[in-house]
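Novice: Here is a sequence together with a model predicted from it:
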Amino acid sequence: MKIVATNIGERKEIDWKGKTVTTGIFKFPVEKPIFLDVEKVKDDVICNREHHGGIDQAVYAYSENHYSYWKELYPNLDWKHGMFGENLTVDDLDESQLHVGDTFKVGEVIIEVTKPRQPCMKLGVRFNNMKIVKQFWQQNIPGIYFKILQTGFVKTGDEFEQIKSCPHNPTIEEVYESKREAKFKPKK
C-alpha cells in the first residue's frame, strides 16, 4: 500500500436545500507533507467533533481502487483525490484484508487500524446527491480510520510497512457489515 495523495479540507458553508451546512468534507490534494497528530490531521478542518476526529479517528484513508466504482455512478463530477473526505488516498487499501489492530509504519508515523467510516449526510452534500449515502452503506468499501501511535509527517509516495498483524481480530469489512446490519435491521 502506498499514499497516492494527501488531502486537506477547509471550513466550508454550503446552502443545502435552504439550510446552511458547515463542513470540512471538501478535501483536496496538497503537495506538501501533512502532519498526523494524535486526534486529527494538522491544518485539516473538522466541523463535527462528535463524529469525526478523536483518538480512534485521527486520520481517514480511502482506496484509490474504489474510485472507479463511484466514477461509473457519478461520471459528471469533477473527480479529484479527497472526494470521500479522506486525508489519505491509498493505492490499494483493502477493507477485507485489514484487521482492527493491524499496525503500520508510514512516513514518520505509526498508525493502527481502528474502524470503518460510516457515511453521513455530508457525503451527500459533497456529491450533491443524497443517494450516495445509501449506496455507500450498501458497499463493503467504507475506507478506514486510523489511530496515531507515533505522530509525524506523511507524504505522497510513502509506503505502508506492516509492523503488527492481528488476524484473529475482525476485518474492517466485517465490522462494517455488522454496523450496516444493526443500522438497517427491521424494527419490530
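Specialist: Arrived safely.

Novice: Only C-alpha atoms from now on, for both contacts and neighbour counts.
Specialist: Noted.

Novice: Can you classify the residue nearest to residue 148 when sequence neighbours are not counted as helix, strand or coil?
Specialist: Nearest non-adjacent residue to residue 148, counting by C-alpha to C-alpha, 6 or more residues apart in numbering: residue 111, 4.7 Å away. At residue 111 the chain is in strand, as set by DSSP: H, G, I helix; E, B strand; the rest coil.

Novice: from memory residue 111 sits against residue 105, does it?
Specialist: Yes - here residue 111 reaches residue 105: they are 6.5 Å apart, a contact under C-alpha atoms under 8 Å.

Novice: So which of those two has more stuff around it?
Specialist: residue 111 (26 against 18; other C-alpha atoms under 10 Å).

Novice: Who does the more buried one form a beta bridge with?
Specialist: residue 104, residue 148 (DSSP bridges).

Novice: Same question for the one 5 residues further on.
Specialist: In this structure, residue 116 has beta-bridge partners residue 144, where bridges are defined by DSSP bridges.

Novice: Thought residue 176 was touching it, still the case?
Specialist: Yes - with contact defined as C-alpha under 8 Å, residue 116 and residue 176 form a contacting pair (6.0 Å).

Novice: Need the residues touching each of the two.
Specialist: residue 142 (C-alpha atoms under 8 Å, 6 or more residues apart in numbering).

Novice: neighbour-wise, which of the two wins?
Specialist: residue 116 (26 against 23).

Novice: what residues are up against that one?
Specialist: 142-145, 172-173, 175-176.
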